[in-house]
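# pasting a predicted model and its sequence here:
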Amino acid sequence: LSPSSLYLLPEIDLETILMELESLRPQVAVIDSIQALYYGQLTSAPGSVSQVRECTSALMQVAKREGISLFIVGHVTKEGAIAGPKVLEHLVDTVLYFEGDRFASHRLLRSVKNRFGATNELGVFEMVDRGLAEVRNPSELFLGNRDEVVPGIATIVACEGTRPLVVELQSLVSPTSYSSPRRSTTGIEYNRLLQILAVLEKRVGIPLSKLDAYVASSGGLSVGEPAADLGVAIAVVASFRDRLVDPYTVLIGEVGLGGQVRPVSQMELRLKEAAKLGFKRAIIPKGQSLKSPLEVIPVARVVDAIAVALAGA
C-alpha cells in the first residue's frame, strides 16, 4: 500500500464523510468509530441508538451503491460485547470480534455473524515487531512441548467453525486446605468442569469433593464446545493418579451425566488435523469409527477411556 493511496479524514460529521466516500470511491474504507459519528439532522447525542442506526444505515447505502468494502469499528464493553445499542449488529452483514489475552502474543479474529458464509470462523494472528502476522498453523501455538510430559496433561482437537485446532489441556488436582474445595478454569467453561468432576465422582468413584481442581488450556484459547469434555476428564484423572497420558494420543468426545462418551460433530476433520501434526492414536466415542491414518480406539464410557488412556503409564 503506497502512501499516496491512503487518505485520513479527521471528521465526525456524517454528511461530510459521505461526500468524501462518494468522491474518492475507495476500495476499502474504515470508520473509527461509529459511536463518534454525528448526523446533524438528529438532536440526540453521538453514540445513541438513533445516531448509530441512522449513521450505519447511511454508510451501508453508500458502500453498496459505490462498491466499497466498509469496516465499521464499534466500541465494546468490559465483557466484550458491542457497547450501547445492539442495533449495530443487526444492520451490518458481518460481525467480527478481535480478541486475545493481554498476556499472550496471539490475537483471535472471530466471526459471530455472516450473511454470506459460515459463522464462528476463526483467524489467528501473532503480534510481532512489524504488527500482526497470520499464524498459518495455529495448532502449534496451542500445543505444548510433547518431549517433556508431566502428569495431568491431555490433548484434544477443538473445532472453531470449520477450523480444527489441537489444544493441550493441563490439570492439577491437590488436597484442599479449605472447607470447600477450589475449582478454577482458564479457557474452559467453569460450569462444564463442575459437571465433569461430578460425573467422575459419581460414575467412576474418584473422590474429588475434597480436592482442589484446576484446569487450563495451553495458550489461553477459549474452548467452549462439549468435545473437550473427554480431554478434561482424562487430564483430571491423570493428575489425581499422578499418571502420564501418551503425548501422541488425542481425546475427543462429550461426557454425558451417566458417564457415557457421546459422539461429536466434524470427527473426520479433527482426526485429519491430529494426523497432520504427528499424533498416532485417537480415543473417540463408540459409533464414530472412521477411516483414519491414526489408530482409532472407540469407547462407550468414561471408565473405558480412562483405562485406555492411562494403560501402561
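Received, thanks. Numbering: from 1, shown residues only.
# could you use CA atoms for every contact and neighbour count after this?
Will do.
# which residues in this structure form helices?
14-24, 49-66, 87-91, 190-199, 229-241, 267-276, 302-309 (DSSP state H).
# what's the most buried one of these?
Greatest average neighbour count among the helices of the chain goes to helix 229-241 (a mean of 25), per mean count of other Cα atoms under 10 Å.
# measure how far it is from the centre of its chain, please.
21 Å (Cα atoms, centre = their mean, to the nearest Å).
# use 2 as the first number for this chain going forward.
Sure thing, new numbering starts at 2, so read that last one as helix 230-242.
# what packs against it?
strand 154-161, strand 164-176, helix 191-200, strand 212-218, strand 250-252, strand 255-256, helix 303-310 (3 or more Cα pairs under 8 Å, 6 or more residues apart in numbering; DSSP states H and E).
# and residue 41, which of the ones you listed is closest to it?
Nearest to residue 41, of all the helices and strands packed on helix 230-242, is strand 154-161, at 42.4 Å by Cα to Cα.
# what does that closest one rub up against?
121-123, 165-172, 224, 226, 228-229, 232-233, 235-236, 239-240, 245-246, 248, 250-253, 267, 271-272, 274-275 (Cα atoms under 8 Å, 6 or more residues apart in numbering).
# now stretch 5-14: mean pLDDT?
Stretch 5-14 shows an average pLDDT of 90 in the prediction.
# in that stretch, which residues are buried?
Buried residues in stretch 5-14, counted by 16 or more other Cα atoms under 10 Å: residue 13.
# ok, residue 281 - contacts?
Residue 281 makes contacts with 249, 250, 295, 296, as judged by Cα under 8 Å, 6+ apart.
# how close does it sit to residue 252?
12 Å (Cα to Cα, to the nearest Å).
# how about residue 60?
In terms of Cα to Cα, residue 60 sits 47 Å off from residue 252.
# now do residue 267
Taking Cα to Cα, one finds residue 267 at 14 Å from residue 252.
# residue nearest the centroid of this protein?
The residue lying closest to the centre of the chain (Cα atoms, centre = their mean) is residue 223, at 4.6 Å.
# what's the neighbour count on the nearest residue to residue 67 once chain neighbours are set aside?
Closest residue to residue 67 apart from its sequence neighbours, by Cα to Cα, 6 or more residues apart in numbering: residue 26 at 6.5 Å. Residues near residue 26, counting by other Cα atoms under 10 Å, number 15.
# mind saving the C-alpha coords of stretch 192-206 as PDB?
Output of stretch 192-206 as PDB, limited to C-alpha atoms (Å, rounded to 0.1, in the frame of the first residue of the first chain):
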ATOM      1  CA  ASN A 192     -19.800 -25.000  34.900                       C
ATOM      2  CA  ARG A 193     -18.600 -27.600  32.500                       C
ATOM      3  CA  LEU A 194     -15.700 -28.500  34.800                       C
ATOM      4  CA  LEU A 195     -18.100 -28.800  37.700                       C
ATOM      5  CA  GLN A 196     -20.300 -31.200  35.700                       C
ATOM      6  CA  ILE A 197     -17.300 -33.400  34.700                       C
ATOM      7  CA  LEU A 198     -16.000 -33.500  38.300                       C
ATOM      8  CA  ALA A 199     -19.400 -34.700  39.500                       C
ATOM      9  CA  VAL A 200     -19.600 -37.400  36.800                       C
ATOM     10  CA  LEU A 201     -16.100 -38.600  37.800                       C
ATOM     11  CA  GLU A 202     -17.000 -38.900  41.400                       C
ATOM     12  CA  LYS A 203     -20.500 -40.500  40.900                       C
ATOM     13  CA  ARG A 204     -19.800 -42.800  37.900                       C
ATOM     14  CA  VAL A 205     -16.100 -43.500  38.300                       C
ATOM     15  CA  GLY A 206     -15.700 -43.300  42.000                       C
END
